[in-house]
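Student: turn this into a model:
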Amino acid sequence: MKRALFIGRFQPFHNAHLADVKKILKECDEILIAVGSSQEKNTEENPFSYSERKQMIANTLKNNKIKNYRIYPVPDLYNDKKWISYIKKNLPKYDFVYSGNPWTLRCFKKHDSKVKKIRLIRGINSTIIREMIAKGKSWEKMVPEEIADYIKKLKGVDRVKRIYSKK
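Tutor: Sure thing, here's the model as predicted:
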């Protein structure tokens, strides 16, 4: 059985992330979704808490009938070696690491992991989505429907606007 580690902050989980999960599961039997910066919330880069992000991902994958995944929190440790060590100690063993973040890929490559860079989808990333939310622009089509509904339900639009207004 091949197991993948997919690392991201998922602030928020969007259509490209969902496409990545589906692609990864064509190559591997199971996916471990590592939610980075898990201790962060209510900041410009990390407006949503770990539990909110976990719920967004779980709702989306359930609605897409994806079952072979597990979600784990991964805090920032501000030391590459300690961060990799934390992941290897606290998450199940994995065969491949998937990420779109060059720093993450470099860290794992340095520590003997097989890394695979996900293909980013132009125009869809969490930073753009947060900025569009903050500016009151239409962002909902970049995320799965259940994510847009969840963000609105938890008053995430107001939260992002409030955080960005403090810039």
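
Student: list the contacts for residue 58?
Tutor: By C-beta atoms under 8 Å, 6 or more residues apart in numbering, the contact set of residue 58 is residue 71. Every residue, glycine included, has its C-beta placed from N, CA and C.

Student: so which strand or helix has it?
Tutor: Using DSSP states H and E, residue 58 maps to helix 50-63.

Student: off-centre distance for that helix?
Tutor: Distance of helix 50-63 from the chain centroid (C-alpha atoms, centre = their mean, to the nearest Å) equals 10 Å.

Student: that one - what's its average pLDDT?
Tutor: What helix 50-63 shows for mean pLDDT is 97.

Student: next one: stretch 84-104
Tutor: Throughout stretch 84-104, pLDDT has a mean value of 95.

Student: what's the span of that stretch, first residue to last?
Tutor: Distance between the two ends of stretch 84-104: 9 Å, counting by C-alpha to C-alpha, to the nearest Å.

Student: how about residues contacting it?
Tutor: 2-8, 20, 24, 27-28, 32, 34, 36, 70, 72, 74-75, 77, 105, 107-108, 111, 113-120.

Student: my guess is residue 129 meets residue 141, correct?
Tutor: No - with contacts counted by C-beta atoms under 8 Å, residue 129 stays clear of residue 141, the gap being 10.2 Å.

Student: so which of the two has more stuff around it?
Tutor: Per other C-beta atoms under 10 Å, whichever of residue 129 and residue 141 has more neighbours is residue 129, with 24 against 9.

Student: how near is that one to residue 85?
Tutor: Separation of residue 129 from residue 85 (C-beta to C-beta, to the nearest Å): 32 Å.

Student: do residue 26 as well
Tutor: Relative to residue 85, residue 26 is positioned 30 Å away (C-beta to C-beta).

Student: so for the two, which sits in the more crowded spot?
Tutor: Remark: of residue 26 and residue 85, residue 85 carries more neighbours, 13 against 6, as counted by other C-beta under 10 Å.

Student: that one: what secondary structure?
Tutor: helix (DSSP: H, G, I helix; E, B strand; the rest coil).

Student: and the strands in this structure, which stretches?
Tutor: Under the criterion DSSP state E, strands of the chain are mapped to 3-8, 30-36, 69-74, 96-99, 115-117.

Student: got the angle for the third one vs strand 3-8?
Tutor: Using axes from the mean of the first three to the mean of the last three C-alpha atoms, to 10 degrees, the interaxial angle of strand 69-74 with respect to strand 3-8 works out to 50 degrees.

Student: who touches strand 69-74?
Tutor: 7, 21, 30-39, 50, 54, 57-58, 61, 83, 86-87, 90-92.
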